[in-house]
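Colleague: Sequence plus the predicted model coming up.
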Amino acid sequence: LGIEPVKERSAWEPEDAPADSRADVVDVLLDTAQQYVDLDEVLLDRGFYSNEVYATIHDRGLVYMTPVPKYEDDYEAIGKIKSKEGVDAAVKNDVPFAIDGELHHTAEFLYVPATDEEAEGSYAVFVTNRDHVAPDEIIHVTNSYSRRWDIENQYKSVKAFLPKTSSKDYRVRLFSFTFAALLYNLWRLTDYLVKLGTDREIRSPPVVTARTFVRAVSQSLRQGG
């Protein structure tokens, strides 16, 4: 739906070097996405844990959810979860999120057993701006985050379409990724149309493989000169 280049400040650059804020990047991407689809919920990875990012999403009337990257302050709460027999999840309601020192909105912190065995304390912490998550809703709400792995898997699939380059020029690398994303979208569309035409289940494995599609595109481009 959208690709946005991001300028981050490198360690060797001065403190006042220009850099794009994550909130601005998310805002632009949401503007692009909402031109084509109706959004209800935004799932982000822990790299977007930021009051400004959350405020940007909340102001659009959308729900957000993301893992909390570090939760040393929550070890006590996690300890209480473990200390109660038969209890393996908890919620902290109405946690204030502020912008420039003023309350912007409140959010919920959800504590659930981690699926990653290497997770600290064997617990994962999520934050969401849903309205007052009840204890019996915690697992259902956090399980919905697993849908994001479909996006991760698709992102890995895009890499199969990337041309090889050793260039460090950001313009070359941005073009390569954009072109790969377009090829990926065309591949998914082609496979979708083939499945429609052959009465295949839409969510079944691809009928047209990525390798077959790339070969067909390459042959077509060579014939076109």
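Modeller: Great, that's in hand.
Colleague: Let's check: the centremost residue of this structure is which one?
Modeller: The residue lying closest to the centre of the chain (Cα atoms, centre = their mean) is Leu44, at 3.8 Å.
Colleague: State the distance from that residue to Ala160.
Modeller: Between Leu44 and Ala160 the computed distance is 24 Å (Cβ to Cβ, to the nearest Å). The C-beta positions use only the backbone N, C-alpha and C, and glycine is treated the same way.
Colleague: What segments of this protein are helices?
Modeller: 22-33, 51-58, 75-83, 138-143, 148-158, 170-197, 210-223 (DSSP state H).
Colleague: who touches Asn129 in this structure?
Modeller: 54, 57-58, 63-64, 105-108 (Cβ atoms under 8 Å, 6 or more residues apart in numbering).
Colleague: By neighbour count, which of those residues wins?
Modeller: Tyr54 (25 neighbours; other Cβ atoms under 10 Å).
Colleague: Identify the residues contacting it.
Modeller: 64, 97, 105, 107, 127, 129.
Colleague: okay, it: pLDDT?
Modeller: Note for Tyr54: predicted pLDDT of 96.
Colleague: quick one: it from Lys7, how far?
Modeller: 22 Å.
Colleague: Need the contact partners of stretch 14-21.
Modeller: Contacts of stretch 14-21 (Cβ under 8 Å, 6+ apart): 6-10, 52.
Colleague: and of those residues, the nearest to Gln223?
Modeller: Proximity of those to Gln223 (Cβ to Cβ) peaks at Val6, which lies at 37.3 Å.
Colleague: The closest one - how many residues pack around it?
Modeller: Other residues close to Val6 by other Cβ under 10 Å number 10.
Colleague: on that earlier part again, could you point out the bridge partners of the residue nearest to the residue nearest to the centre of the chain when sequence neighbours are not counted in the sheet?
Modeller: Residue nearest to Leu44 in three dimensions, not counting chain neighbours: Thr66, with 4.3 Å by Cβ to Cβ, 6 or more residues apart in numbering. Assessed by DSSP bridges, Thr66 has beta-bridge partners Val127.
Colleague: thinking again about what came up before, with respect to burial, which of the helices of the chain scores highest?
Modeller: Counting by mean count of other Cβ atoms under 10 Å, helix 51-58 has the highest mean neighbour count of those, with a mean of 20.
Colleague: Against Ala23, how distant is the residue nearest to the centre of the chain?
Modeller: 11 Å.
Colleague: which residue packs closest to Pro67, ignoring adjacent ones?
Modeller: Nearest one to Pro67, counting by Cβ to Cβ, 6+ apart, is Arg46 at 4.5 Å.
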